[in-house]
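>>> Attaching a predicted model along with its sequence, questions to come.
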Amino acid sequence: MATATATTAAAAVRTPPMDAFWMPFSSNKNFKAKPRLIAAAKDMHCYDAAGRKLLDATAGLWCCNAGHCREPIVSAIKKQAETLDFAPTFHLGHPAVFEFCERLRGYFPAELSAVFLTNSGSEAADTALKIALAYQKIRGKGGKQRFIGRERSYHGVGFGGISVGGIVKNRHWFGCQTLIADHLPHTHDPARNLFSRGEPEHGGEEFADALLRLIALHDASTIAAVIVEPVAGSTGVLVPPRGYLQKLRKICDDNDILLIFDEVITAFGRLGANTAAEKFGVVPDMLTFAKGSTSGTAPLGGVAVREGIRKQFMEAADETEIDFFHGYTYSGHPLCVAAGMGTLDLYEAEGLMTRIDGEGIAEYFADALHSLKDLPGVADIRNFGLMGAVELQPIPGKPGKRAFSLFEKCFHEKDLMTRVAGDVFAFSPPLIAGKKHIDEMFGKFGEALREEKQ
Ligand SMILES: Cc1ncc(COP(=O)(O)O)c(C=O)c1O
């Protein structure tokens, strides 16, 4: 029934005028010449403007963890829209946002008991960086103004995020206005860890020890925080080698430096646990989240903050003073909070935070992914939880071109929605995926690879 509704809705959509919308992170020329329009979606599938059904191998953009247009979320949003459209959260509030944050913090390590809400992952990253700077200043360590990010990391597109991020193209036009930052080396080590299943074996401590060199170079008294994605998503699923995150934690502790995990992709079940912090057994000082918090249905992100950090802000402000000069008009927007509540209901009812391990889905996904190893031009395969990457050998002198044309082929000819970063295909299906979906996903992708004209 639901599928029929989605098909009908998609069929009714005409190709819209293409000119005005300047698309984000896209080749506007390529898209507008041959659009790839998604007009409707349900569960594991999207429907293009003509009603053609595509399998979603990417949970939208790493966000639709519960699948698309799920009834409990849809009805929660509808109900909220009829009751309270908006209430400010500056000096005022509405009940649901307090209830939501109370519930949300149950998903994070117990130490991170304060939840600050934003509208996106980029804002979450910038908020965490601001909290770090302010915290250091409040406790009399105002010299700690430097951040340490990592090569090949993505923390969104705010000026803070691009400063600590490790993607040069996101920075090179704007680099004259970034924060003070240095970068750890990325942890992808093809010489030793190609075709790793789960955590790569080699280099964990070694890569983390690079932080000691940066501390020696800059001095701990100048460093406010280290920020990393526990598993880097956007640059092609870079899984931390065994022991890496634990060692980073230790070095930060030893040197009085905050550790921030950017869990915009990894929180809410992607790795088979509430968070990567839980999965790897490492508690950061702050944890950013977004995407999965509403299963992609409404823009909502945030930062979970260690109680001791919040306490510094509370103690520094008197009874009526603002304790943190930061916030967004839509921090805790009622519709987004309702979407979040509906999402958590669904996660809990269907056990989606742990389902991928409990039902053997992550294992099945890893087997299917790694079975592509011998296909033409496959350079590496890696995975963790329900995140997987197939890295292709690039066309000499044309990085990214090969993967992009395969991405177009998957969409137009194989009814498969994929995601590429350079020459890496990143797979991250909704957490409701069944074995048949995984077979279909890698069956179609393998077919496209075999048919590819090199
Ligand atoms: C790790 C990480 N941080 C931050 C962001 C930025 O999130 P948004 O696009 O919601 O601003 C992303 C987006 O993919 C991300 O993967």
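Received the coordinates, thanks.
>>> how much distance is there from the one helix or strand residue 368 maps to to the middle of the chain?
Taking DSSP states H and E as the criterion, residue 368 maps to helix 361-370. Taking C-alpha atoms, centre = their mean, to the nearest Å, the mean C-alpha location of helix 361-370 is offset from the chain mean by 20 Å.
>>> What about residue 243, how many residues nearby?
Residues near residue 243, counting by other C-beta atoms under 10 Å, number 17. Bear in mind the C-beta positions are built from the backbone N, C-alpha and C, glycine included.
>>> And the pLDDT for it?
Residue 243 is assigned 98 on the pLDDT scale.
>>> Please give me every residue in contact with it.
204, 205, 208 (C-beta atoms under 8 Å, 6 or more residues apart in numbering).
>>> you'd agree the last one is in a strand?
No: according to DSSP: H, G, I helix; E, B strand; the rest coil, residue 208 belongs to no strand; its state is helix.
>>> Now do it, the pLDDT please.
98.
>>> For burial, what's the neighbour tally of it?
By the criterion of other C-beta under 10 Å, residue 208 has 25 neighbours.
>>> got any ranges where this structure has weak pLDDT?
For the chain, applying pLDDT under 70 flags the ranges 1-13, 454.
>>> got the domain boundaries for it?
2-65+353-451, 75-350 (automatic domain parsing).
>>> number of nearby residues for the residue of the chain found nearest the ligand?
Residue nearest to the ligand within the chain: residue 121 (2.3 Å; C-beta to the nearest ligand atom). Counted with other C-beta under 10 Å, residues neighbouring residue 121 total 28.
>>> name the element residue 40 belongs to?
Following DSSP H and E, one finds residue 40 within strand 38-42.
>>> again but with residue 315, I slipped
Residue 315 belongs to helix 307-316 when assigned by DSSP H and E.
>>> Residues of this structure that sit close to the ligand?
Residues of the chain lying close to the ligand (C-beta under 6 Å from any ligand atom) are 120-122, 125, 154-156, 229, 233-234, 262, 264-265, 290.
>>> Kindly give a single PyMOL line that selects the buried subset of those.
Selecting only the buried entries of these in PyMOL, with 16 or more other C-beta atoms under 10 Å as the criterion:
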select buried, resi 120+121+122+125+154+155+156+229+233+234+262+264+265+290
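>>> now, which of the residues of the chain next to the ligand lie within helices?
By the criterion of DSSP state H, membership of these in helices covers 121, 122, 125.
>>> so what's the second one closest to, chain neighbours aside?
Distances taken as C-beta to C-beta, 6 or more residues apart in numbering place residue 156 nearest to residue 122, at 2.7 Å, with adjacent residues excluded.
>>> Over to residue 371?
residue 442 (7.1 Å).
>>> So the one you found is in contact with residue 375, correct?
No: contact status for residue 442 versus residue 375: not in contact, 10.2 Å apart, counting by C-beta atoms under 8 Å.
>>> So for those two, which residue has more residues nearby?
Neighbour count, other C-beta under 10 Å: between residue 442 and residue 375, residue 442 has more, with 23 against 17.
>>> host element of that one?
Going by DSSP H and E, residue 442 is in helix 435-451.
>>> Check residue 213 too.
Using DSSP H and E, residue 213 sits within helix 204-218.
>>> For residue 74, give me its contacts.
If you count contacts by C-beta under 8 Å, 6+ apart, residue 74 has them with 297, 342.
>>> Secondary structure class of it, three-state.
helix.
>>> picking up where we left off before, list the helices and strands the strand holding residue 40 packs on?
Judged by 3 or more C-beta pairs under 8 Å, 6 or more residues apart in numbering; DSSP states H and E, the packing partners of strand 38-42 are helix 2-11, strand 45-48.
>>> circling back to that earlier point, name the residues of the helix holding residue 213 that are buried.
Neighbour counts over helix 204-218 (16+ other C-beta under 10 Å) mark 204, 207, 208, 210, 211, 214, 215 as buried.
>>> Excluding residues flanking it in the chain, which one is nearest the third one?
Counting by C-beta to C-beta, 6+ apart, residue 247 is the residue found nearest to residue 208 once chain neighbours are left out, at 3.5 Å.
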